[in-house]
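Peer 1: just the structure for this:
(2 chains)
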Amino acid sequence: MWRDLGLAVLVLLSAAVESNSTSPPGKPVLLSCRSPEKETFTCWWEPGSDGGLPTTYRLYYERERLEGVHECPDYWSAGSNSCFFNKTHTLIWVDYYLTVVASNALGNATSDIFKMDVMEIMKPNVPENVTLLVVETEDSPYLHIRWEHPRNTDTESGWVTIKYELRIKQEKNNKWKEYMSGTQSHFSLYSIAPGGVYTVQVRCKLDHGSWSEWTNSTNVKVPNYVQNERSFWILVATLSAIPFMAAMCILIVKRENVKQCVLPPVPGPKIRGVDFHLLMSGQSEDSTNALIINQNFPLIVGWKDQMEEYLIVTENDIGPPSDASHCQKRKKSLIIPAGFCSDWEIQCKSTHIQNDCAGGTKNETGNFPKNNKSLSGESLSYMEPSKLQKQQCLGQNFVNTEATDPSPLNYDNAVKPFTNSGYVDIRKHVENTQEVNVKQVDYSRVEDVNGDNVFILNNKNLAFNSSGYMDFQRQEEKLSEDYSRVKEVGSNNVVVLQIQDMSADTKNPHATGAHKMGVCTELINSEYIDTIPAPPLM
Amino acid sequence: MARFWCAVLILACLELSTRVGTAPICSYGQAGCHTPSLADIFDRVIQQSSRMHGISSDLHSEFEQYFFPSKNLIGKPKCHTHGIVTPADKENAQRLGREQLTEVILRLLGAWGDPLLQLYRSMSQDQNQDFNHYSSNKALEISDMVHELRDGVAKMAEKMKLSGVLGNTVGYISPEGLVPSSSFSFYKHGELNSMDHHDLLYCFRRDSNKIKNYLQILKCTTLPGLDC
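Peer 2: Here you go, the predicted model:
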């Protein structure tokens, strides 16, 4: 019983003690300080527990270059639990050491020292009066944004530099787009979507300090320009339709021409001179004739002419070798184009060249070794006309030898040699020595005639007299006449061609001899062999 | 081949003649030299000082993060430039006048040339700590900038004197006369340790901010315009 009473008393007493306990205050905490314009600053603290008793808070500070401890000059301007330092108490680039002391009847509590420099705590107020304006230009509208600097900042003296930043959001998007504006208090946004709603916010900062808060959102709606655009496009469409229609009309009217231009008729296969329809109709003779006639055979004509010219074959007198003055006549040889050896047969028969030639060549061979230094064991091949006859359509060289007698040699047999492809053209030599100069043709000597249509010409003994000329033109692949000098005319229808030496210096020793002999000696060396390459036959 | 060399020569000549670069400030007004206006000089100088302050501020905060992460109080660093009287608020700065303001700027710049060089050397030599290894470049950069800025401000002062906005009381200030070099012994003799580094960085961050601010005030009192 007494125990229960004691317990009750204890409980009551403890309750009474609890309700009446006080304690020294808890430790306050300095939160932050802030200077909005670099001329004043404010600091805030958070009080600790007050210990049940009324507690007062005092802020004390020490400052660089200032002796002693000072108290906060203004506890009220900035609200509760704050300290406001006005201009006179604010110095930049000096350190402040702040402490807050909480005190009540039972004791004190001191916060930690808070070190700060005004330079580091700058954070301006928000910019003001943000206005949006949609500027309508001809081509495209743009958004013009304006604002003002925070009220209490002095931007004119250069004491602070304010930099701005803004962010814009379109209604549909949730993303902000940020733009730096530098020190300008306006900004233009181009290429805005008509009919869209834009939201803008601005903030600023001082020097290297912290950014301010964002302003409240400002909205603007861009008017709809669809109407204008639509009318514009209608106008463009109508204007472009007119020339389009005109072009279409022209095309339709002139469709034939257009068709020809765009889709030209594809030419069918055609053979010149042949009528396709004729062929189809089965008149084969005409077509085959046409095919043949279409071939170009110019040589035929020429040959015929030449044939007419050169059908005359004369014999040369065989004079004594020493008789220089004895001009020998030249024989004209037959020019027989290769491939037409059938004709050659006729002409061969009509002349007695073979025999004469044979005789002449024999003499020649006898004399040549003396006169022709170049002759050195070269064989003379003798071609018989009979062989020639057989060899039809072979060989391609026409050897036109104009045989002039090297002194006593008889060059009547100009038409020797060959290989069926060569012809030897022996010209008549005018007996009149005076006239010799008029028409003088130098001839080269055929040195060797092979059965394989090879003419070996030796030009070393060519005389290049002023009175004579050397016509040594070899034109390949043409139907022109090639001339090579006949070096020697063998007895058995052999003409030895001489490779022409164009050098004027070469003097034919024979020439000296020719002087003695007169003009005729020149002629000795003035044989020429006219080579006509055969036309390509089918 | 000749053509090739011809082309090379022509290209070289063109390149030399059309080279686009910043025109040097010609204080003597030489012919062919593009002399910038006073406003241009101001802009350049202010930009330079702003950049300088930014780099030194970064360097200081990095330093603190690396060496003193707990953010406890380090003590009360004393700067060797505390002997130079500088206005600490707006009214005092405006009251000072252009000539004195210019002089203060030049004194500050002159006082920091040598210590920054020492700082750079000390940081680059100290290979033990990664911070010094990677951040010594910044120290070199701000050291160079201080020298350039001093030359720039001197030229600016000359131009101001020529245009009459500045009185002649601003004489030539020799670096030795500004701050006796013995004051630098303030810091330890011989090598600098981390604490010295920290103090130097701390002090320079503040002084560079002062320089930048004074230049801005100077500009806006001399050439009031849109930028102020």
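
Peer 1: and the nearest residue to residue A:145 once chain neighbours are set aside, what is it in contact with?
Peer 2: Counting by C-beta to C-beta, 6 or more residues apart in numbering or on different chains, residue A:145 lies nearest to residue A:187, which is 4.6 Å off, once chain neighbours are set aside. Quick note: C-beta positions are derived from backbone N, CA and C, even for glycine. Contacts for residue A:187 were tallied using C-beta atoms under 8 Å, 6 or more residues apart in numbering or on different chains; they are A:144-145, A:166, A:179, A:181.

Peer 1: now intersect the residues you listed with the strands, please.
Peer 2: By the criterion of DSSP state E, membership of the contacts of residue A:187 in strands covers A:144-145, A:166, A:179, A:181.

Peer 1: on that earlier part again, quick check: the residue nearest to residue A:145 vs residue A:201, distance?
Peer 2: From residue A:187 across to residue A:201, the span is 12 Å (C-beta to C-beta, to the nearest Å).

Peer 1: need the overlap of contacts for those two.
Peer 2: Common neighbours of residue A:187 and residue A:201 (C-beta under 8 Å, 6+ apart) are residue A:166.

Peer 1: how about stretch A:37-52 and chain B, any contact?
Peer 2: Yes - using C-beta under 8 Å from any C-beta of the partner chain, stretch A:37-52 reaches chain B at A:38-39.

Peer 1: mind checking pLDDT for residue B:193?
Peer 2: Note for residue B:193: predicted pLDDT of 76.

Peer 1: list the contacts of it.
Peer 2: Neighbours of residue B:193 in contact, by C-beta under 8 Å, 6+ apart: none.

Peer 1: what is the mean pLDDT for the helix or strand where residue A:261 lies?
Peer 2: Element membership for residue A:261 (DSSP states H and E) is helix A:255-262. Across helix A:255-262, pLDDT averages out at 84.

Peer 1: could you list the alpha-carbon positions for it in CSV?
Peer 2: C-alpha atoms of helix A:255-262 as CSV (Å, rounded to 0.1, in the frame of the first residue of the first chain):
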residue,chain,number,x,y,z
ARG,A,255,1.4,16.2,-132.3
GLU,A,256,2.8,14.8,-135.5
ASN,A,257,5.9,16.9,-135.2
VAL,A,258,6.2,16.1,-131.7
LYS,A,259,5.9,12.5,-132.4
GLN,A,260,8.7,12.8,-135.0
CYS,A,261,10.8,14.7,-132.6
VAL,A,262,10.3,12.5,-129.6
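
Peer 1: residues making contact with it?
Peer 2: Residues contacting helix A:255-262 (C-beta under 8 Å, 6+ apart): residue A:251.

Peer 1: pull the number of nearby residues for residue B:218.
Peer 2: Neighbours of residue B:218 under the rule other C-beta atoms under 10 Å in any protein chain shown: 26.

Peer 1: could you report the pLDDT at it?
Peer 2: So, for residue B:218, pLDDT stands at 91.

Peer 1: that one in helix, strand or coil?
Peer 2: Following DSSP: H, G, I helix; E, B strand; the rest coil, we place residue B:218 in the helix state.

Peer 1: what stretches of the chain score poorly on pLDDT?
Peer 2: By default, I'm working from chain A. A:14-20, A:225-229, A:274-276, A:278-279, A:282-486, A:488-538 (pLDDT under 70).

Peer 1: switch to chain B, please.
Peer 2: For chain B, applying pLDDT under 70 flags the ranges B:17-34, B:70-74, B:127-128, B:133, B:169-190.

Peer 1: try 90
Peer 2: Scanning chain B for pLDDT under 90 picks out B:1-40, B:61-85, B:89, B:94, B:96-98, B:114, B:117-139, B:158-200, B:221-228.

Peer 1: hmm, the longest helix seen in it touching chain A?
Peer 2: Criterion DSSP state H: the longest helix present in chain B is helix B:130-163. No - legend: contact between helix B:130-163 and chain A by C-beta under 8 Å from any C-beta is lacking; minimum distance shown is 14.9 Å.

Peer 1: packing partners of that helix?
Peer 2: helix B:38-67, helix B:98-125, helix B:194-222 (3 or more C-beta pairs under 8 Å, 6 or more residues apart in numbering or on different chains; DSSP states H and E).

Peer 1: which one of those lies nearest to residue B:156?
Peer 2: helix B:38-67 (4.8 Å; C-beta to C-beta).

Peer 1: please go through chain A and pick out the longest helix.
Peer 2: Per DSSP H, chain A has its longest helix at helix A:226-253.

Peer 1: ok, the residue nearest the centre of chain B - contacts?
Peer 2: Closest to where the C-alpha atoms of chain B average out (C-alpha atoms, centre = their mean) is residue B:146, at 2.9 Å. The neighbours of residue B:146, taking C-beta under 8 Å, 6+ apart as the test, are B:52, B:109, B:112-113, B:116.

Peer 1: check residue A:94 too.
Peer 2: Counting by C-beta under 8 Å, 6+ apart, residue A:94 makes contact with A:63-66, A:117-118, B:88.

Peer 1: for residue A:31, same thing?
Peer 2: Residue A:31 touches A:43-46, counting by C-beta under 8 Å, 6+ apart.

Peer 1: next, count neighbours for the closest residue in space to residue B:143 that isn't next to it in sequence.
Peer 2: Ranked by C-beta to C-beta, 6+ apart and with sequence neighbours excluded, the top spatial neighbour of residue B:143 is residue B:116, at 3.9 Å. Counted by other C-beta under 10 Å, the residues lying close to residue B:116 total 22.
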